[in-house]
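Visitor: got a structure for you, letters missing:
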C-alpha cells in the first residue's frame with residue numbers, strides 16, 4: 001500500500017471514527033430523557049460527562065494547526081462533543097436535587113476551563129514548533145482520554161454490590177468500546193502514539209464494562225421486575241405502619 005492509498009484509508013477510518021464518536025457522545029441521551037421526565041438525576045453520576053468534556057477540550061487544542069497540523073477530523077468531532085457535553089451537564093445541574101452536587105459540578109467545570117486556558121497559553125507562547133506542542137498536548141490528551149474511558153468504571157461499586165446495572169448506561173459503554181477500537185486503527189496509519197495509547201487502553205476498559213453488564217444483566221431484570229410487582233404491597237405496609245402509630249399515640253394520650 002503506497003502513501004496515497006494509506007492516506008485515503010486513514011481518512012475513511014477517521015470519518016467512521018467521527019460517526020462512532022458522535023454516537024458515543026450521544027449515547028447517554030436515553031439517560032437524560034429519563035432524568036428530564038423524572039425531574040431527578042436519581043443515582044446517576046456526573047463524572048463521565050465532566051471527564052468527557054475536559055477530554056474534548058484538550059483534543060480540540062491538540063488538533064488545531066498550530067499544535068498538530070492535518071487533524072481536522074480530530075477537531076470537528078471533539079468540538080461537537082464539547083457542545084453535547086455542555087448540554088448534558090446543564091440538564092444534570094438543573095435536575096440535581098443536591099446542592100453539594102451542584103457545587104461540585106460548578107467547581108470542576110471552573111477548574112477545567114482554567115486548566116485548558118492556561119495550557120493553551122503556555123503551549124503557544126513557550127513552545128515554538130508543532131513537534132514540541134504536539135508532544136506536550138499529546139501527553140495531556142493521553143491522560144484525559146484514559147480518564148474519559150475509565151470514568152464509567154466509577155459506578156462499578158454501585159453495580160457489583162446490588163448486582164444491578166440499572167444505573168450503568170449500556171450504550172455509553174458499547175459506544176466507548178467501538179470508538180476506542182476505530183481510533184486505535186486510525187492512529188496506526190501512520191503511527192500516532194498519542195492516539196494509540198489512550199484508545200488502546202480504552203478498548204480494555206470498554207470490554208471490562210461490557211463484561212460487567214453481561215454478568216449482571218439478568219439479575220437487574222429480576223430486581224426491576226420485582227420492584228414493579230410489589231408497589232401496592234409497599235404502600236399498604238406503609239399505611240399499616242402509620243395506622244399502628246396513630247393507634248399507639250391515641251392509647252398514650254388516653255393514659
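Guide: Everything's here; your move. What you see is a predicted model, and the numbers here were worked out from it, not measured in a lab.
Visitor: which stretches of the chain aren't confidently modelled?
Guide: Residue ranges of the chain with pLDDT under 70: 1-2, 148, 151-157, 166-167, 169, 231-255.
Visitor: what helix or strand is the residue positioned nearest the centre of it on?
Guide: Geometric centre of the chain, nearest residue: residue 48, 3.1 Å, by CA atoms, centre = their mean. Taking DSSP states H and E as the definition, residue 48 sits inside helix 47-63.
Visitor: any idea which helix or strand comes after that helix?
Guide: Using DSSP H and E, the helix or strand that follows helix 47-63 in sequence is helix 72-95.
Visitor: what's that following helix in contact with?
Guide: With CB atoms under 8 Å, 6 or more residues apart in numbering as the test, helix 72-95 has contacts from 11, 14-15, 17-18, 21-22, 25-26, 28, 32, 35-36, 39-41, 44, 46, 49-50, 52-53, 55-57, 59-60, 62-64, 68, 102, 105-106, 109. Yep, even glycine has a C-beta here, placed from its N, CA and C like the rest.
Visitor: how about it: buried residues?
Guide: 73-78, 80-82, 84-85, 88-89, 91-92, 95 (16 or more other CB atoms under 10 Å).
Visitor: same question, stretch 128-148
Guide: In terms of neighbour count (16+ other CB under 10 Å), stretch 128-148 has its buried residues at 133-138, 140-142, 144-148.
Visitor: which helix runs longest in this structure?
Guide: Using DSSP state H, we find that the single longest helix of the chain is helix 193-229.
Visitor: tell me the angle of that helix relative to helix 72-95?
Guide: 30 degrees (axes from the mean of the first three to the mean of the last three CA atoms, to 10 degrees).
Visitor: report all helices and strands that helix 193-229 contacts.
Guide: Packing contacts for helix 193-229, counted by 3 or more CB pairs under 8 Å, 6 or more residues apart in numbering; DSSP states H and E, involve helix 130-150, helix 156-160, helix 170-186.
Visitor: make a markdown table out of those helices and add distance to residue 207.
Guide: Putting the helices and strands packed on helix 193-229 into a markdown table (distance: least, CB to CB, whole Å) gives the following:
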| stretch | distance to residue 207 |
| --- | --- |
| helix 130-150 | 11 |
| helix 156-160 | 14 |
| helix 170-186 | 6 |
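Visitor: ok, which of those comes nearest residue 216?
Guide: helix 156-160 (6.1 Å; CB to CB).
Visitor: doesn't residue 18 make contact with residue 182?
Guide: No: between residue 182 and residue 18 there is no contact under CB atoms under 8 Å: 9.2 Å.
Visitor: which neighbours do these two share?
Guide: Between them, residue 182 and residue 18 share no contacting residue, judged by CB under 8 Å, 6+ apart.
Visitor: quick one, which of the contacts of helix 72-95 are buried?
Guide: Among the contacts of helix 72-95, those buried by neighbour count (16+ other CB under 10 Å) are 14, 17-18, 21-22, 25-26, 28, 32, 35, 41, 44, 46, 49-50, 52-53, 55-57, 59-60, 62-64, 68, 105, 109.
Visitor: just how off-centre is the host helix or strand of residue 119 within its chain?
Guide: If you go by DSSP H and E, residue 119 is part of helix 99-126. In this view, helix 99-126 has its centroid 18 Å away from the chain centroid, taken as CA atoms, centre = their mean, to the nearest Å.
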